[in-house]
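1. Dropping a prediction and its sequence here:
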Amino acid sequence: METHRVLMPLGGNIYDQPSTFRVSVSCNNMLLSAFILSLILWCSNALQVIGGNKTVVQGGTVILPCKLIDSTELLNQISWQRKTRNKPQTDNFFTILPINGPRFVNGDDHRFQFVGNFNEENGSLQLSNVTLLDEGVYTCIFTLFPSGNHKTEIPLNLLVPPVTHVKDDLPILGDEEVSLATCTAAGSRPPAKVRWLIGTLAGKVRATTNSTEHANGTTTTVSSLVGVPTREVHHYEVQCVVTNPALSKEETVTFTIQVQFSPRDVNISVRSTDSFQCLTAANPKATFTWNRPGNSLPQSAVRVEGATLQFLSMSSDLNGLYQCEASNQYGRDHGYLYVHVTSGTCTACWAILGLLLFLIVIGVAGAAIAWKFSQSPRIEEIRKVFRRYEKTPTKSQEGDAVVEETEEAPQQAEGSL
């Protein structure tokens, strides 16, 4: 406080007295300053900058909201900062001025678009084609006069949908538990949930699940369907169901279990009077090869197309045993066809050959049973009758064929189950 020396007659003494006028002026200045400061603080407390948390699915579009309300001050500028996975340090990247309008700072990124209105004190931005690197905190700043900067933070969170697929683990027919199929929900955020719909296989198969977290914050979830690879589970249809907040609905992948096994039960069926087909059960499908054991196929008289053998002409040169071999990478099996072309035919001949076919099948089923039947007098009589008819054909057209199979042919599609 400033003082002045004033002469005042009081008992002949002179005193230093404070100047009442100067004190009054100084107090008024302080009160005015305090009033202005209070007014600014009151105005600042009344205004608000509105933002909010935002969540978006990777690849989508999001609005980063920023709105100034309850302000009576002059708006000079709106600016944006960010700290993201791609920009870990504070980055000033966008500004909006009353005259020059919106512009990028420190490099353009045209995925951002100003969708607010400066005159309405709306600084909102739109970000399209959002990636995981855009995740972070965005700061919207309003610069006012006279109170200065007012800001709000808008955290941006990313959801990443999983990439889902089911892999066939190619189990081989057996009696030990192995993985039948694997369902993978890769690179999701948050981690995906994976489950199996197995229907009547409940109690016969089970699921094992594990997950791996990646450096970018995503997670891969893998679930394997485990069980014994039997004929019962082969061709059984199951579903892998994946759930994740980034998906609009559950994702279901249907899968048919495939048990691998070699060809078995090779049979030959009659397609027509001169055409025969080789059939088997195998996975993957078998390939077929026709041949004549100990002899070559008469190329001019037969045609082979995959599993089918067709005779183009009938003559005694075709007589003999034909073999069909079915094979895949897991093994092979054989079926046999016996062809006998005679100069004539009769009902008795067909009956006798039918009996012979029956005996051949019995012989394949068990050597002991075949031996027992071969000792019976009845069999010897049949053989004598067969030899008599073979030497003395009945009157009929030449070129008739007698065909035998070693096994009955199943009712099934060519080369498949």
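-> That came through fine. Numbers count the residues shown, from 1 in each chain.
2. which secondary structure elements does whichever helix or strand Lys151 is part of contact?
-> According to DSSP states H and E, Lys151 maps onto strand 148-159. The helices and strands touching strand 148-159, judged by 3 or more CB pairs under 8 Å, 6 or more residues apart in numbering; DSSP states H and E, are strand 48-50, strand 54-57, strand 62-64, strand 136-145. Where you see a C-beta, it was placed from the backbone N, CA and C, and this is true even at glycine.
3. Tell me where the protein has helices.
-> With DSSP state H as the criterion, the chain has helices at 20-46, 347-365, 367-374, 377-391.
4. which residues does the residue nearest to the spatial centre of the chain bridge with?
-> With distances taken as CA atoms, centre = their mean, the residue of the chain nearest its centroid is His165 (1.8 Å). Here His165 sits in beta bridges with Thr184, going by DSSP bridges.
5. That one against Thr184, yeah?
-> Yes - using CB atoms under 8 Å, His165 makes contact with Thr184 at a distance of 5.8 Å.
6. so who does Thr280 touch?
-> Pro263, Arg264, Asp265, Val266, Asn267, Ala286, Ala326, Asp333, Gly335, Gly415 (CB atoms under 8 Å, 6 or more residues apart in numbering).
7. so what's the fourth one closest to, chain neighbours aside?
-> The shortest distance from Val266 to any residue other than its chain neighbours is 3.6 Å, reached at Gly335 (CB to CB, 6 or more residues apart in numbering).
8. quick one: that neighbour and Cys324 touch, right?
-> Yes - counting by CB under 8 Å, Gly335 touches Cys324, with 4.7 Å between them.
9. So what's the residue count around the residue lying closest to Val105 once chain neighbours are set aside?
-> Excluding its sequence neighbours, the residue lying closest to Val105 (CB to CB, 6+ apart) is Asn92, at 5.1 Å. When neighbours are counted by other CB atoms under 10 Å, Asn92 registers 13.
10. Contacts only, for Asn92.
-> Ser79, Trp80, Gln81, Val105, Asn106.
11. cool, and Val226?
-> Glu177, Val178, Ser179, Leu180, Val205, Arg206, Ala207, Thr208.
12. what does Thr256 give?
-> His235, Tyr236, Glu237, Val238.
13. List buried residues within the residues you listed.
-> Tyr236, Val238 (16 or more other CB atoms under 10 Å).
14. tilt between the strand holding Lys151 and strand 136-145?
-> If you take axes from the mean of the first three to the mean of the last three CA atoms, to 10 degrees, strand 148-159 sits at 160 degrees to strand 136-145.
15. average pLDDT across strand 148-159?
-> For strand 148-159, the mean per-residue pLDDT is 97.
16. chain center to it: distance?
-> 36 Å (CA atoms, centre = their mean, to the nearest Å).
17. Parallel or antiparallel, list what pairs with that strand.
-> For strand 148-159, pairing defined by DSSP bridges yields strand 54-57 (parallel), strand 136-145 (antiparallel).
18. contact partners of the longest one?
-> If you take CB under 8 Å, 6+ apart as the criterion, strand 136-145 is touched by 47, 49, 51, 64, 66, 68, 71, 73-85, 87, 121, 123, 125, 149-156.
19. One more pass at 6 Å, please.
-> 49, 64, 66, 68, 73-84, 123, 149-155 (CB atoms under 6 Å, 6 or more residues apart in numbering).
20. and the gap between Tyr294 and Thr230?
-> Check again: residue 294 is Gly, not Tyr. From Gly294 across to Thr230, the span is 39 Å (CB to CB, to the nearest Å).
21. List the residues that contact the residue lying closest to Gly306 once chain neighbours are set aside.
-> Nearest non-adjacent residue to Gly306, counting by CB to CB, 6+ apart: Phe288, 5.6 Å away. Contact analysis of Phe288 by CB under 6 Å, 6+ apart lists Cys278, Gly306, Ala307, Cys324, Ala326.
22. try 7 Å
-> Shown in contact with Phe288 (CB atoms under 7 Å, 6 or more residues apart in numbering): Cys278, Gly306, Ala307, Cys324, Glu325, Ala326, Gly415.
23. Put the buried members of these into a ChimeraX selection.
-> To isolate the buried members of these in ChimeraX, using 16+ other CB under 10 Å:
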select :278,307,324,325,326,415
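24. which of the contacts of Phe288 lies closest to Pro191?
-> Gly415 (43.5 Å; CB to CB).
25. Report pLDDT for the closest one.
-> 33.
26. same question, Gly363
-> 45.
27. Any regions of the stretch 201-350 of the chain where pLDDT drops low?
-> Low-confidence segments of the stretch 201-350 of the chain, defined by pLDDT under 70: 343-350.
28. quick one, strands of the stretch 101-250 of the chain?
-> 101-104, 112-114, 125-127, 136-145, 148-159, 163-168, 178-188, 193-197, 205-213, 219-227, 237-243 (DSSP state E, counting those that start in this stretch).
29. Can you list the neighbours in contact with the longest one?
-> Contacts to strand 148-159, defined as CB under 7 Å, 6+ apart, come from residues 47, 49-58, 62, 64-66, 130, 132, 134-144, 189, 245-246.
30. do that again at 6 Å, thanks
-> 49, 51, 53-55, 57-58, 64, 132, 135, 137-143, 245-246.
31. Next, the angle from it to strand 178-188.
-> 160 degrees.
32. how about strand 148-159: buried residues?
-> His150, Thr152, Ile154, Leu156, Leu158, Leu159.
33. now, which of the residues you listed sits nearest Thr273?
-> Leu159 (68.0 Å).
34. mind checking how far the closest residue to that closest one other than its chain neighbours is from Val160?
-> The shortest distance from Leu159 to any non-neighbouring residue, by CB to CB, 6+ apart, is to Ala246 (3.8 Å). Look at Ala246 and Val160: by CB to CB, they are 6 Å apart.
35. And those two? Which one has more around it.
-> Ranked by neighbour count (other CB under 10 Å), Ala246 and Val160 place Val160 first, with 23 against 19.
36. Distance check, the more buried one against Ala301.
-> 67 Å.
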